[in-house]
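Chemist: Dropping a prediction and its sequence here:
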Amino acid sequence: MDYFKQDLSSLHDSLVNKEMSSEELTKATFAEIKARDLKISAFLAMNEEMAINQAKAVDATGIDANNVLAGIPIAVKDNIVTKDLTTTAASKMLENFNPIYDATVIEKMRQAQMVTIGKTNMDEFAMGGSTETSAFKTTKNPWDTTKVPGGSSGGSAAAVAAGEVVAALGSDTGGSIRQPASFNGVVGTKPTYGRVSRYGLIAFASSLDQIGPFTRGVKDNAAVLNAISGNDSHDSTSSAQAVPDFTAGLTGDIKGMKIALPKEYLGEGVDADVKEAIQKAVKTFEELGATVDEVSLPNSKYGVPVYYILASSEASSNLQRFDGIRYGFRAQDVKSLEDVYVRSRSEGFGDEVKRRIMLGTFSLSAGTYDVFFKKAAQVRTLICNDFRNVFNDYDLIIGPTAPNTAFNIGDKIEDPITMYMNDILTIPVNLAGLPGMSVPAGFSKGLPVGLQLIAKSFDEATMYRAGYAFEQATDFHKEVPTLGGQN
Amino acid sequence: MSISKEEVKHVSELAKLELSDTELDVFTSQLDDIIGMAEQLSEVDTTDVPVTTHITDVMNVMREDVAEKGMDRDLLFKNAPDSENGLIKVPAIIDESEEA
């Protein structure tokens, strides 16, 4: 199956017209993954037997002609629990963890008759921006295999970019869907906080985490978000807001849309080529009949320290549960209960996870709480207010997704701050709980550049409408990598 | 503000992590850099600014107070590293050698 030549609707037509069955599609997908993933290493686990059985069951029921997702294989980031399919969060801590229930998004995809094909590589516990902190393997960028795929959802983004699957799920705490989407030239969406249930998502920072889809096109992306959205009694932070059909407004018409371009998003630290691509995107939006005005998000520059304090604090609390007792890794030859805790955690967690647990523990400690945690939580309020002010007058905010394109494997992994600064344009969106997406907007030296679209809370529809219009007016999404080669 | 090696060691103990001397050196220097970066927040005036610790519009979510069936116990034990007779096994909690 060459997914470079397919999208959801072409696959759906073939399934409805019985040119192929879901079983055949699923088998062809495994064959393609096996061939292409030798170079990319996007996958941690395949779900071959269960997926084929699931596809056969879909075939037996018959493909619903009104459901574009029926019978379609999808890849899932390995921090989303899948019943009877090992879920590791790319950590030695969970190397043999076999979940006894499905995450709500998995259950919803099953209801939509989608087939879970396998689990994708990621930064350990979603902490990282390059997928290099995975305990198991290094995923390569399909556009240039000497480059990182971004992270933390690097495996899901690379799998879609390499044409191994038509869609994949990721999670985004500070940019972990949008930044890899940008680095891989695909579409990646972080929905509004509360739009998608987090039940069964291995928690990193609970006030920031959201699950969202990767696809090559905007319309396919909207179709997958349709399927996974909605209130869930298992996640009391999931919203009861109505879920509109995100594919409904994709007409290409955005005349009169009021778009804001924050001047901070084209400031210092953003590569010249990236700026140029975004400035061209501004022109495209103007040609489409939208207005684009410069605005200011004055506190966005504090996003990185605010995020690292708050996310690490939440992580230090969430990751207490990994104690070597009930599940997960337990160190050998332990003599006392204290030893079980300390040695299991010390041997089970990688360096980035330890660093963040310690930063969080420090930020929450007596004596530092006011200076760090409380201060960061106050500045978070100011960041939220900045967005609110802009959205009083505008429908959408645009800017680059990342300040640069994919960097070399090994370049930033020893220097946490340089790695953290890569998230400067995505983090404020998580802090404010807003929906954001990255769409292909050009190339710099053969590597994809992403355009970020940010909308009001629960207004993904406007974001998709603008993303679709931009995509239809440009050809960037039609480019595909020559696998393994330098583009 | 900076963080000393002793403070990092203390924090690692709170977090139930054991660091080698080399790790302690590396983490101290990296955490010191990160804390240095966080210092820039002190330039922001946050007088009377409330904290934001969550961004959901949802308030207390209640359900009827009726018992629901929990997960099957055998299933819950599936991932336990060590168990016996329906109990999770751990090393001795009380060190008998320390008894007076």
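Modeler: It's in. Only a predicted model underlies this, so the values are computations on that prediction, with no experimental measurement involved. Residues are numbered from 1 along each chain as shown, chains lettered A, B, ... in the order given.
Chemist: so where do the helices sit in the stretch 151-300 of chain A?
Modeler: Applying DSSP state H, counting those that start in this stretch to the stretch 151-300 of chain A gives helices spanning A:154-161, A:178-184, A:218-228, A:272-287.
Chemist: got the angle for the first one vs helix A:218-228?
Modeler: Counting by axes from the mean of the first three to the mean of the last three Cα atoms, to 10 degrees, helix A:154-161 points 130 degrees away from the direction of helix A:218-228.
Chemist: what mean pLDDT does helix A:154-161 have?
Modeler: The predicted model assigns helix A:154-161 a mean pLDDT of 98.
Chemist: and if you look at the second one?
Modeler: In this model, helix A:178-184 carries a mean pLDDT of 98.
Chemist: Format the helices of the stretch 151-300 of chain A as TSV; extra columns: mean neighbour count and distance to residue B:2.
Modeler: In short, each C-beta sits where N, CA and C put it, glycine included. TSV is the format used below for the helices of the stretch 151-300 of chain A (neighbours: other Cβ atoms under 10 Å in any protein chain shown; distance: least, Cβ to Cβ, whole Å):
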stretch	mean neighbour count	distance to residue B:2
helix A:154-161	35	33
helix A:178-184	35	30
helix A:218-228	25	44
helix A:272-287	17	34
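Chemist: so which of the ones you listed gets nearest residue B:53?
Modeler: With respect to residue B:53, and counting by Cβ to Cβ, the nearest of the helices of the stretch 151-300 of chain A is helix A:178-184 at 23.4 Å.
Chemist: where does residue B:92 land on pLDDT?
Modeler: 80.
Chemist: give me the number of residues near the closest residue to it other than its chain neighbours?
Modeler: Once its chain neighbours are removed from consideration, residue B:92 has its nearest residue in residue A:336; the separation is 6.6 Å (Cβ to Cβ, 6 or more residues apart in numbering or on different chains). Residue A:336 sits with 15 neighbouring residues when counted by other Cβ atoms under 10 Å in any protein chain shown.
Chemist: isn't residue A:336 right next to residue B:91, touching?
Modeler: Yes: counting by Cβ atoms under 8 Å, a contact exists between residue A:336 and residue B:91, whose distance comes to 5.6 Å.
Chemist: joint contacts of those two?
Modeler: Taking Cβ atoms under 8 Å, 6 or more residues apart in numbering or on different chains as the contact criterion, no residue touches both residue A:336 and residue B:91.
Chemist: could the helices of the stretch 151-300 of chain A go into CSV alongside distance to residue A:256?
Modeler: Supplementary listing: the helices of the stretch 151-300 of chain A in CSV, determined by distance: least, Cβ to Cβ, whole Å:
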stretch, distance to residue A:256
helix A:154-161, 32
helix A:178-184, 26
helix A:218-228, 20
helix A:272-287, 12
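Chemist: I'd like those written out as a markdown table, with distance to chain B added.
Modeler: Converted to a markdown table, these look like this (distance: least, Cβ to the nearest Cβ, whole Å):
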| stretch | distance to chain B |
| --- | --- |
| helix A:154-161 | 22 |
| helix A:178-184 | 17 |
| helix A:218-228 | 18 |
| helix A:272-287 | 22 |
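Chemist: quick one: which of those helices is nearest residue A:322?
Modeler: When the helices of the stretch 151-300 of chain A are compared by Cβ to Cβ, helix A:154-161 sits nearest residue A:322, at 21.5 Å.
Chemist: Which strands or helices does that closest one pack on?
Modeler: Judged by 3 or more Cβ pairs under 8 Å, 6 or more residues apart in numbering or on different chains; DSSP states H and E, helix A:154-161 is in contact with helix A:22-40, strand A:43-46, strand A:73-77, strand A:115-120, strand A:167-172, helix A:178-184, strand A:210-215.
Chemist: so where's chain A shaky on pLDDT?
Modeler: Flagging of chain A using pLDDT under 70 yields the residue ranges A:484-487.
Chemist: Can you give me the distance of the residue located most distally from the centre of it to chain B?
Modeler: In chain A, the greatest distance from the average C-alpha position (Cα atoms, centre = their mean) is reached by residue A:335, at 41.0 Å. In this view, residue A:335 and chain B are 6 Å apart by Cβ to the nearest Cβ, to the nearest Å.
Chemist: now swap in residue A:483 and tell me
Modeler: Distance, residue A:483 to chain B, using Cβ to the nearest Cβ: 36 Å.
Chemist: With residue A:304 instead?
Modeler: Counting by Cβ to the nearest Cβ, the separation of residue A:304 from chain B is 7 Å.
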